[in-house]
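Participant: Quick one, structure for this:
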Amino acid sequence: MNAKIENGIAVLEEFLQEKYVENYGELSDENNKIIGLLNIEGTSKYFYKPSVGVLKYVVDSEGHALYLINKKGLPNDIKDVLVGGEAGNGEYSDYLSLNDVYGVTENLKVYYCSSGIDSIMGVARDELDFDDSFREIFPESSFFAELVTGGRSTTLEDVKNVTNLDLDGSSLTDLKDIYNFIVLGELTLKNYTGSLSGIENTSILKKIKLVNCNISDYSPIGKLGSKLERLYLVDVDNSEVAKMCTKSATGIGKYDLKNLKYFGVVRK
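Facilitator: Got it, this is the predicted structure:
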């Protein structure tokens, strides 16, 4: 199997290098080869475009800028050579966790991961590119900028230090931008009635505590899958617990939370 994957890596790398040469006239000012290809209409379809935010790459918990392959967008003769690369269910969380994906460095070196960065083949781990530490994550005076930096523009370097968040839901409308907290391990939400959509896109969220919350759709918690280890509901009634645990589309009952070690409920 490894030999077939290595062959696929070599074929894909040669293909992308050829595309770079073909379009060199349009890309000659680009220091980052992969960004150059991403900006060409005919080649951009080869790469995964994250479903959240505006970036053309995924940022993992170590701060790597991961440019990943959209296998479906490749020519058939290249797809036929590649073993794997289906990216699980094709969701953002699958790409973020490097679940059966091919990726490309800035210098167009191709790698493959079957299940996380520790399974990397094709390049050494220290050859992966890092994101710009001074890239703005949250504009000044936004909700999370106020929380993290007191209202000034918040950079990747700032959020690298945020391992837990304790949020007052009364002034929070949604969690769609929470994926930017790349090392977030613990989340506490108090008095929140908004959507949980977005937490499934976090890198390493292991603990969630919901205090006096009324949530219509708990499925984003279930989508955390094996990452989640601790889940607590505080100041809730029986109906809220039942709503969360249902096997319907809005509950967590149908999900495999195989690493959930602690589940606690404190009723009103």
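
Participant: Looks to me like Tyr111 is in a strand.
Facilitator: Yes - remark: Tyr111 belongs to a strand, assigned using DSSP: H, G, I helix; E, B strand; the rest coil.

Participant: That one: what's it in contact with?
Facilitator: Contacts were defined as CB atoms under 8 Å, 6 or more residues apart in numbering; by that measure Tyr111 touches 9, 102-105, 120-123, 128. All C-beta atoms are positioned from the backbone trio N, CA, C, and that covers glycine.

Participant: Apart from its chain neighbours, what residue comes closest to it?
Facilitator: For Tyr111, ignoring the flanking residues on the chain, the nearest one in space by CB to CB, 6 or more residues apart in numbering is Gly122 at 3.7 Å.

Participant: Can you name the residues that contact the one you found?
Facilitator: For Gly122, the contacting residues are 6, 9, 13, 109-112, taking CB under 8 Å, 6+ apart as the criterion.

Participant: now do Asn214
Facilitator: Residues touching Asn214, when contacts are defined by CB under 8 Å, 6+ apart, comprise 192-193, 240.

Participant: Top of those residues by number of neighbours, please.
Facilitator: Neighbours here are counted as other CB atoms under 10 Å. On that basis the top member of the contacts of Asn214 is Tyr192, with 23 neighbours.

Participant: the strands in this protein, which residues?
Facilitator: Taking DSSP state E as the test, the strands found in the chain are 58-59, 65-68, 101-104, 110-113, 136-138, 154-155, 164-168, 186-190, 207-211, 230-236, 262-267.

Participant: what sits up against the third one?
Facilitator: In this case it means strand 101-104. For strand 101-104, the external contacting residues (CB under 8 Å, 6+ apart) are 8-9, 12-13, 16, 34, 47-48, 66-69, 71, 82, 84-85, 87, 94-95, 110-113.

Participant: give me that answer again for 6 Å
Facilitator: Under the criterion CB atoms under 6 Å, 6 or more residues apart in numbering, residues 34, 66-69, 85, 87, 95, 110-113 lie in contact with strand 101-104.

Participant: I'd like these written out as TSV, with pLDDT and distance to Arg267 added.
Facilitator: Shown next, in TSV, are the contacts of strand 101-104 (pLDDT from 0 to 100; distance: CB to CB, whole Å):
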residue	pLDDT	distance to Arg267
Ile34	90	52
Leu66	97	42
Tyr67	97	47
Leu68	98	44
Ile69	98	48
Gly85	97	47
Ala87	97	40
Tyr95	97	39
Val110	98	53
Tyr111	98	49
Tyr112	98	48
Cys113	98	43
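
Participant: now, the most widely separated pair of the residues you listed?
Facilitator: Within the contacts of strand 101-104, Ile34 and Ala87 form the most distant pair, 17.6 Å apart (CB to CB).

Participant: on that earlier part again, among the contacts of Tyr111, name the buried ones.
Facilitator: Taking 16 or more other CB atoms under 10 Å as the criterion, what is buried in the contacts of Tyr111 is 9, 102-105, 120, 122-123, 128.

Participant: between these, which is closest to Lys258?
Facilitator: Distances from Lys258 to the buried ones among the contacts of Tyr111, taken as CB to CB, are shortest for Ile120 (23.4 Å).

Participant: any idea how far Asn180 is from the residue nearest to Tyr111?
Facilitator: Using CB to CB, to the nearest Å, we find Gly122 at a distance of 28 Å from Asn180.
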